[in-house]
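**Student:** sequence? don't have it. structure:
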């Protein structure tokens with residue numbers, strides 16, 4: 001049986017990127033059944049660009065929804081609320097899909113009772129035509145996610161690329177979508193809740209999406225701090241939930257990985273005091289799970 005797929009794009013002051021993002025959807029080998037842009041109170045020309053592209057591609061099934069600024073989570077929820085298709089892709093307003101993504105999704109999902117098909121994602125910087133795939137170990141671990149999705153997918157140093165996931169719409173709605181009370185890493189919270197349902201999933205090795213990253217390491221570090229600290233709060237909530245008791249023994253390992261991630265990012269940025277602070281928090285979880293590299297850098301940090 002044929003399946004239908006919608007792409008939902010939360011948009012906030014994304015005028016710089018929307019042309020190439022929407023072009024990547026309009027030039028698919030098989031078009032999405034719906035493309036829904038949710039303008040989250042933009043103050044730039046985002047809405048006008050979306051309207052212009054809709055006029056240029058009347059066959060593109062592109063819709064524009066406007067709302068007062070409420071955040072990415074609320075924009076995604078608003079977009080999915082009006083979706084009529086069987087599956088959804090949440091696409092960042094500066095991300096792209098490769099030309100065969102929708103076609104391959106439909107082929108993979110036809111006549112198969114999957115809750116999600118997903119895979120790795122490329123990255124790019126200034127030129128979206130120059131794609132890079134740098135996370136081979138990341139991909140290898142995700143390929144084994146079905147052995148225990150919660151452990152291998154969420155509680156280790158892994159990230160599910162949201163733009164690389166095609167998710168059953170009904171599952172999103174059953175879980176209530178994103179938690180709008182979470183300022184950062186709302187996707188991490190959603191994936192924990194999703195994988196705890198023991199969903200039927202399939203991993204594909206071929207990247208069919210790409211996300212943009214900033215070359216400004218300092219601003220990236222500030223954003224990473226907020227994102228990882230939010231993830232730590234989400235993990236604490238998860239481990240404090242009696243319904244998730246079978247995973248409680250993984251709390252020290254999980255928090256160690258998160259604090260080490262923060263520490264090593266500050267090491268790369270040359271911020272030794274912040275490195276020591278987060279490394280010490282990793283040590284507090286128990287030295288058994290700490291990387292030797294973290295300990296050596298901690299000692300070296302006093303002399304840098």
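**Tutor:** Yes, it's here. The structure presented is a predicted model; accordingly, all values stated were derived computationally and were not measured. Numbering: from 1, shown residues only.

**Student:** what about the residue nearest to residue 41 when sequence neighbours are not counted, how many neighbours?
**Tutor:** In space, and not counting its chain neighbours, residue 41 is closest to residue 69: 3.1 Å by Cβ to Cβ, 6 or more residues apart in numbering. For every residue, glycine as well, the C-beta is placed using N, CA and C. For residue 69, the number of neighbouring residues by other Cβ atoms under 10 Å comes to 13.

**Student:** Can you tell me the SS state at residue 69?
**Tutor:** Here residue 69 is recorded as coil under DSSP: H, G, I helix; E, B strand; the rest coil.

**Student:** Report the contact partners of it.
**Tutor:** The contact partners of residue 69, taken as Cβ atoms under 8 Å, 6 or more residues apart in numbering, are 12, 40, 41.

**Student:** Distance check, it against residue 109.
**Tutor:** Per Cβ to Cβ, to the nearest Å, residue 69 is found 34 Å from residue 109.

**Student:** before we move on, what about residue 2?
**Tutor:** Here residue 2 is placed at a distance of 9 Å from residue 109 (Cβ to Cβ).

**Student:** Those two: which is more packed in?
**Tutor:** With neighbours defined as other Cβ under 10 Å, residue 2 and residue 109 compare such that residue 109 has more, 22 against 9.

**Student:** who's in contact with the more buried one?
**Tutor:** Going by Cβ under 8 Å, 6+ apart, residue 109 touches 3, 86, 87, 117, 166.

**Student:** Show the pLDDT at the most centrally placed residue in the chain.
**Tutor:** Closest to where the C-alpha atoms of the chain average out (Cα atoms, centre = their mean) is residue 162, at 3.5 Å. Model confidence at residue 162, given as pLDDT, is 91.

**Student:** The residue nearest to residue 287 when sequence neighbours are not counted: what secondary structure?
**Tutor:** Spatially, and ignoring its direct neighbours in sequence, residue 287 is nearest to residue 295 (7.7 Å; Cβ to Cβ, 6+ apart). Put simply, residue 295 is helix when judged by three-state DSSP.

**Student:** next one: residue 39
**Tutor:** At residue 39 the chain is in strand, as set by three-state DSSP.

**Student:** And residue 107, how far from residue 96?
**Tutor:** 20 Å.

**Student:** Report the contact partners of residue 206.
**Tutor:** Residue 206 touches 104, 119, counting by Cβ under 8 Å, 6+ apart.

**Student:** quick one: what helix or strand has it in it?
**Tutor:** Here residue 206 sits in a region with no helix or strand, counting by DSSP states H and E.

**Student:** Now do stretch 4-24: distance to the chain's middle.
**Tutor:** In terms of Cα atoms, centre = their mean, to the nearest Å, the centre of stretch 4-24 is set 15 Å apart from its chain centre.

**Student:** ok, now stretch 48-66?
**Tutor:** Centroid separation between stretch 48-66 and its chain, computed with Cα atoms, centre = their mean, is 25 Å.

**Student:** Now do the end-to-end distance for that stretch.
**Tutor:** 12 Å (Cα to Cα, to the nearest Å).

**Student:** and if you look at stretch 199-206?
**Tutor:** For stretch 199-206, the separation between the terminal residues is 21 Å (Cα to Cα).

**Student:** And that stretch, what's buried?
**Tutor:** 201, 203, 204 (16 or more other Cβ atoms under 10 Å).

**Student:** Repeat that for stretch 178-187.
**Tutor:** Residues 178, 180, 182, 184, 185, 186, 187 are the ones in stretch 178-187 that count as buried (16+ other Cβ under 10 Å).
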